[in-house]
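A.B. asks: no sequence on this one, just coordinates:
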């Protein structure tokens, strides 16, 4: 288990978080807690406020009220880059890599972000093994080792999703915020990603936002169901599956299949 | 359009040929009895330096500055103002004027960098079109400021009657020496920029060009890196300005005019944006076209040269359309450096 916090304190906590867009409360007094080491899944129908929540957790959106605590500290007012340097890494729902960099250099850029300041103007970064060695190791870990020198723009969709995850991992995070890592993936690619997340589970705390219910119920230690910006239910996969309100409000017909 | 030469050695060969041509130009000019070419060559080198400094932020950092000529002009004015005080024995803030290059040229760089600091800090709060407009606005403000500087000639600027001196160093009053000094500084600047864009710092600004949001999510305080690049580019442009003042023996507000900033962008795009040698080729191409298109048109019909821009426009358009990666891209197929 990574992180320095004590076992009692959650890795991530929101307290009565509120974010409104006009009259609509996209996040409505949401209190959420992600324990150290767990894989916590966040599910909810479209428009439930998942993306808005991710935005606030990562620091791209400022909440209107409430607090966000990360690793025992109030980070509500911290900008994106500072949260990241404290160990909060995220992946993006829409693949967000550096197209003109190779796969290896994409990851090396993530390593570099957490290897001190970058006001280093002279040495060739491509020959810096303090960047490329850890980057290569992470690429191997996500199964992209053979594709290290391919430009990110030339990778297949599934590979880009793996690269996306590799970049988040390479920052050595305490918490991984994964925004629909299986988005747009075929069944085989999805299965590979589930396998990968299962390997990561336990080593790093993960908050997983995902539409793929099979993946969520296979991976999660705990699930929170978000409806209209508030937590409808939170509990183990079995408890969520059995929850009548969840079945009615969200899973609906799909709930029969779960 | 496919590259003219496909071998992976092509960039190196082209680079070596360019360097040889640049080194040989003074000898050839003297031998041909055309000292004018020497002055044109020096002018190309100076603008090449300015264009390279612009490409550092434009091509590598994705910052479309439409006010880069302001920093060139500021560097020029440092030379001009200190010369004017030296000439009439007056003082500036209690300091005497000077034409000592060991003082003046670093000061020109410092002034360019210092001007770029607040301008960059404010402009970088925006991006895209607003960034273009704000950098343009700052440059035009400085243009009008210089126009209003009556003590230094206002509209008319400052005429210099001698070049900067380097006691114990090269005598740049000699055209060939000045040319070689300019060439040396350009090559040094290219080397520095080459190290820079491949360093950790360079990766950060290139990454920010690709995907700034992701850079922040990775933990980079992107703005301070971009600002640093902006300041470095301003300082290099200031040096180019000091050289320009010496090349033309004149400093005036027109050096800061937005159309000069536009020329610099054309040089970068024409030669190959996001490459280091591209802007050098672009500067050479644009200045040569400006020089010889009117001349050629006058040969066709006396007085026709006045309308040279009618011909220059389509030529530039054609080059940009058919050599999308710029002139350097024609040679290398678009590969760096």
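C.D. replies: Received it, and whenever you're ready, just let me know what you need. On a predicted model such as this, the values are computed, not experimentally measured, just so you know. Residues are numbered from 1 along each chain as shown, chains lettered A, B, ... in the order given.
A.B. asks: contacts, neighbours, all on C-alpha from now
C.D. replies: Will do.
A.B. asks: show me what the strand or helix carrying residue A:178 is packed up against.
C.D. replies: When elements are assigned from DSSP states H and E, residue A:178 belongs to strand A:175-179. Strand A:175-179 is packed against helix A:50-58, strand A:88-91, strand A:205-209, with contacts defined by 3 or more Cα pairs under 8 Å, 6 or more residues apart in numbering or on different chains; DSSP states H and E.
A.B. asks: now do the strand or helix carrying residue B:230: which elements does it pack against?
C.D. replies: Using DSSP H and E, residue B:230 maps to helix B:222-248. If you count contacts as 3+ Cα pairs under 8 Å, 6+ apart, helix B:222-248 packs onto helix B:35-55, helix B:69-88, helix B:101-123, helix B:200-218.
A.B. asks: can the shortest one be found next to chain A?
C.D. replies: Yes - in terms of Cα under 8 Å from any Cα of the partner chain, part of helix B:200-218 sits within range of chain A, namely B:200, B:201, B:202, B:203, B:204, B:207, B:210, B:211, B:214, B:216, B:217, B:218.
A.B. asks: near chain B, which residues of the stretch 101-250 of chain A?
C.D. replies: By the rule Cα under 8 Å from any Cα, the part of the stretch 101-250 of chain A lying against chain B is A:109-110, A:112-114, A:118-126, A:167-168, A:171.
A.B. asks: just the buried members of those residues?
C.D. replies: Neighbour counting by 16 or more other Cα atoms under 10 Å in any protein chain shown classes A:109-110, A:112-114, A:118, A:121-122, A:124-126, A:167-168, A:171 among these as buried.
A.B. asks: just those: which are in helices?
C.D. replies: A:109, A:110, A:112, A:113, A:167, A:168 (DSSP state H).
A.B. asks: out of the residues you listed, who's nearest residue B:290?
C.D. replies: Residue B:290 lies nearest to residue A:109 out of those, by Cα to Cα, at 42.6 Å.
A.B. asks: burial of residue A:187, as a residue count?
C.D. replies: By other Cα atoms under 10 Å in any protein chain shown, the residues close to residue A:187 number 10.
A.B. asks: could you do the one 10 residues further on as well?
C.D. replies: By other Cα under 10 Å, the residues close to residue A:197 number 19.
A.B. asks: what's the helix or strand for the residue in chain A that chain B sits nearest to?
C.D. replies: Closest residue of chain A to chain B, Cα to the nearest Cα: residue A:81 (3.9 Å). Take DSSP H and E as the rule and residue A:81 turns out to sit in helix A:80-85.
A.B. asks: show the backbone phi and psi for residue 21.
C.D. replies: I went with chain A, as the question did not name one. phi -120, psi 100 (degrees, to the nearest 10).
A.B. asks: my bad, the chain I had in mind was chain B
C.D. replies: According to degrees, to the nearest 10, residue B:21 has phi -60, psi -40.
A.B. asks: need the distance between the two termini of stretch B:89-98.
C.D. replies: 9 Å (Cα to Cα, to the nearest Å).
A.B. asks: and it, average pLDDT?
C.D. replies: On average, the pLDDT along stretch B:89-98 is 90.
A.B. asks: that older thread, adding mean neighbour count, mean pLDDT and distance to residue B:40, write the helices and strands packed on strand A:175-179 out as CSV.
C.D. replies: Output for the helices and strands packed on strand A:175-179, formatted as CSV (neighbours: other Cα atoms under 10 Å in any protein chain shown; pLDDT from 0 to 100; distance: least, Cα to Cα, whole Å):
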stretch, mean neighbour count, mean pLDDT, distance to residue B:40
helix A:50-58, 21, 95, 55
strand A:88-91, 28, 95, 53
strand A:205-209, 25, 96, 63
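A.B. asks: need the contact list for the residue in the stretch 151-300 of chain B that chain A sits nearest to.
C.D. replies: Residue nearest to chain A within the stretch 151-300 of chain B (Cα to the nearest Cα): residue B:219, separated by 3.9 Å. If you count contacts by Cα atoms under 8 Å, 6 or more residues apart in numbering or on different chains, residue B:219 has them with A:80, A:81, A:82, A:83, A:84, A:85, A:113, A:114.
A.B. asks: how many residues are close by the fourth one?
C.D. replies: Right, residue A:83. 22.
A.B. asks: with the first one instead?
C.D. replies: Residue neighbour count, defined by other Cα under 10 Å, stands at 27 for residue A:80.
A.B. asks: for the nearest residue in space to it that is not next to it in sequence, what are its contacts?
C.D. replies: Leaving aside its sequence neighbours, residue A:80 sits nearest to residue A:59 (Cα to Cα, 6 or more residues apart in numbering or on different chains; 4.6 Å). Residue A:59 makes contact with A:76, A:77, A:78, A:79, A:80, A:83 under the criterion Cα under 8 Å, 6+ apart.
A.B. asks: any idea how far the last one is from residue A:12?
C.D. replies: I take that to be residue A:83. 12 Å.
A.B. asks: in the chain, which residue sits furthest out from the middle?
C.D. replies: Just going to use chain A. The C-alpha centroid of chain A is most remote from residue A:122, which lies 34.2 Å away (Cα atoms, centre = their mean).
A.B. asks: not quite, I wanted chain B
C.D. replies: Chain B, Cα atoms, centre = their mean, max distance from centroid: residue B:217 (34.0 Å).
A.B. asks: help me confirm that that one comes into contact with residue A:79.
C.D. replies: No - applying Cα atoms under 8 Å, one finds residue B:217 not in contact with residue A:79, separated by 9.6 Å.
A.B. asks: ok, back up a step: distance from the chain centre to the helix holding residue B:230, please.
C.D. replies: Distance of helix B:222-248 from its chain centroid, counting by Cα atoms, centre = their mean, to the nearest Å, is 9 Å.
A.B. asks: tell me the mean pLDDT over whichever helix or strand comes after that helix?
C.D. replies: Downstream of helix B:222-248, the first helix or strand assigned by DSSP H and E is strand B:250-251. Strand B:250-251 shows a mean pLDDT of 96.
A.B. asks: mind listing what the spatially closest residue to residue B:104 that is not a sequence neighbour touches?
C.D. replies: If the residues on either side of it in the chain are set aside, residue B:104 comes closest to residue B:79, at 6.2 Å by Cα to Cα, 6+ apart. By Cα under 8 Å, 6+ apart, residue B:79 lies in contact with B:99, B:104, B:105, B:108, B:164, B:242, B:245.
A.B. asks: sorry, back to before: tell me the confidence at the residue lying closest to the residue of chain A closest to chain B once chain neighbours are set aside?
C.D. replies: Counting by Cα to Cα, 6+ apart, residue A:81 lies nearest to residue B:219, which is 3.9 Å off, once chain neighbours are set aside. Residue B:219 carries a pLDDT value of 96.
A.B. asks: what packs against the one helix or strand residue B:23 maps to?
C.D. replies: Here residue B:23 sits within helix B:10-31, counting by DSSP H and E. Packing partners of helix B:10-31 (3+ Cα pairs under 8 Å, 6+ apart): helix B:35-55, helix B:175-198, helix B:326-332.
A.B. asks: using JSON lines, lay out these together with distance to chain A, mean pLDDT and mean neighbour count.
C.D. replies: Output for the helices and strands packed on helix B:10-31, formatted as JSON lines (distance: least, Cα to the nearest Cα, whole Å; pLDDT from 0 to 100; neighbours: other Cα atoms under 10 Å in any protein chain shown):
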{"stretch": "helix B:35-55", "distance to chain A": "15", "mean pLDDT": "96", "mean neighbour count": "26"}
{"stretch": "helix B:175-198", "distance to chain A": "5", "mean pLDDT": "97", "mean neighbour count": "19"}
{"stretch": "helix B:326-332", "distance to chain A": "16", "mean pLDDT": "86", "mean neighbour count": "25"}
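A.B. asks: and those: which comes nearest residue B:252?
C.D. replies: helix B:35-55 (16.0 Å).
A.B. asks: where in the stretch 201-337 of chain B is pLDDT low?
C.D. replies: Residue ranges of the stretch 201-337 of chain B with pLDDT under 70: B:334-337.
A.B. asks: if we use 90, what do you get?
C.D. replies: Applying pLDDT under 90 to the stretch 201-337 of chain B flags residues B:293-313, B:315-327, B:329-337.
A.B. asks: in CSV: the contacts of residue B:219, plus pLDDT.
C.D. replies: CSV is the format used below for these (pLDDT from 0 to 100):
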residue, pLDDT
A:80, 96
A:81, 96
A:82, 96
A:83, 97
A:84, 96
A:85, 95
A:113, 96
A:114, 95
